[in-house]
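Trainee: no FASTA, just this:
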């Protein structure tokens, strides 16, 4: 059985440097024909194959893209991956997907693994725990090592890289204004803690719509979901309060579906008593009862744009490369969790 051969072993066999062996195998004119023929024959006999990892580290070309997402079950992230993979396949790239499970530590480990010559660049949506810790050193180290990075959806303003975001503020404004147009005046918000960037942006859109329609913001109608406590328990406080909402905007479709469930448990009908709008147009929105009016953030488009920006940076020879932030527009999909209201001029 022939042993695996390396450049080092070939160099030792012929009493030359590793550099000489490498040049001989590349048929360099710097090496004599006799030496080249002997080294090439030896390498062929022992089925020498270049170390792909070493080549990747030198050439920075693996034709593989790394993607780190917080969770796989979320419909939005599956759409983003679909968009990335479709374009990657067209461009001759493979995609390696990693999960952070919203963990800072797993995100760091995934980033270290992918950055070790495995991929040409990385696309990431930041984990909630990372946002909570406000510690982004691992991203700065990645960029300092010259590895292209694109952040999408949950991005970090202070990290200098390409970014793709949905118009979270605009989408939340559309949703809240729709509830106002439908006659709602006590509109509750079900959102994330303020350190989650997308939740905070959507909260700002909600507050902007209230302000522009002269509706006072009421903190008693704002529920910031704590992941360590059941959403049902936190919503019970809202429905047991002094002001019962006639409209609720939830910053994701899971929150929105839970809102409708809890409302029914308290004896309220959707949309007759309480209208509900969510964010992210996934399968949950389509198949809840009633079906959920929601903000569509176009995950597939976001994934394609993220990969476009990443490949642009990978292929760029510009030493003063200018990073870009791409904003993906949102729109409202009207379903049965809001009333069908006719507007007359």
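Mentor: Structure received. These numbers come from a predicted model, not from an experiment.

Trainee: just the helices in the protein please.
Mentor: Secondary structure of the chain (DSSP state H): helices at 7-14, 18-25, 33-45, 52-59, 75-90, 104-115, 128-133, 137-144, 168-181, 197-212, 231-239, 253-265, 283-287, 299-315.

Trainee: Would you single out the least confident of the ones you listed?
Mentor: When the helices of the chain are ranked by mean pLDDT, helix 52-59 comes last with a mean of 51.

Trainee: residue contacts, the residue lying closest to residue 151 once chain neighbours are set aside?
Mentor: Nearest residue to residue 151 in three dimensions, chain neighbours excluded: residue 163, at 4.8 Å (C-beta to C-beta, 6 or more residues apart in numbering). Any C-beta I mention is one placed from the backbone N, CA and C, and that applies to glycine too. Each residue near residue 163 by C-beta atoms under 8 Å, 6 or more residues apart in numbering is listed here: 150-152, 155, 323-326.

Trainee: Farthest pair within the residues you listed?
Mentor: Using C-beta to C-beta, these span at most 13.5 Å, a distance reached by 152 and 323.

Trainee: Can you report how many residues lie near residue 9?
Mentor: Neighbour count of residue 9, defined by other C-beta atoms under 10 Å: 15.

Trainee: distance of it from residue 19?
Mentor: 15 Å (C-beta to C-beta, to the nearest Å).

Trainee: same deal with residue 319?
Mentor: The gap separating residue 319 from residue 19 is 28 Å, by C-beta to C-beta.

Trainee: for residue 97, same thing?
Mentor: For residue 97, the distance to residue 19 - C-beta to C-beta - is 38 Å.

Trainee: Pick out whichever of these two has more residues nearby.
Mentor: Using other C-beta under 10 Å as the criterion, residue 97 and residue 19 rank with residue 97 on top: 16 against 13.

Trainee: and the more buried one, what does it touch?
Mentor: Per C-beta under 8 Å, 6+ apart, neighbours of residue 97: 67-69, 72, 81.

Trainee: same deal with residue 134?
Mentor: By C-beta under 8 Å, 6+ apart, the residues touching residue 134 are residue 195.

Trainee: Quick one: residues contacting residue 71.
Mentor: Per C-beta under 8 Å, 6+ apart, neighbours of residue 71: 77, 99, 101-102.

Trainee: Show me which of those residues are buried.
Mentor: Buried members of the contacts of residue 71, scored by 16 or more other C-beta atoms under 10 Å, are 77, 99, 102.

Trainee: Which member of those is positioned nearest residue 169?
Mentor: Closest approach to residue 169 among the buried ones among the contacts of residue 71 (C-beta to C-beta): residue 77, at 20.8 Å.

Trainee: if I look at residue 168, how far off is residue 249?
Mentor: Taking C-beta to C-beta, one finds residue 168 at 12 Å from residue 249.

Trainee: Show me the contacts of residue 71 that map onto strands.
Mentor: Of these, the ones assigned to strands by DSSP state E are residue 99.

Trainee: Closest to residue 310 out of the contacts of residue 71?
Mentor: Nearest to residue 310 among these, with distances taken as C-beta to C-beta, is residue 77, at 16.8 Å.

Trainee: Report how many residues lie close to the closest residue to residue 199 other than its chain neighbours.
Mentor: Nearest non-adjacent residue to residue 199, counting by C-beta to C-beta, 6+ apart: residue 192, 3.1 Å away. Other residues lying near residue 192 total 21 when counted by other C-beta under 10 Å.

Trainee: which residues touch residue 192?
Mentor: By C-beta under 8 Å, 6+ apart, the contact list for residue 192 reads 128, 198-200, 224-225, 251.

Trainee: likewise residue 289?
Mentor: Residue 289 touches residue 260, counting by C-beta under 8 Å, 6+ apart.
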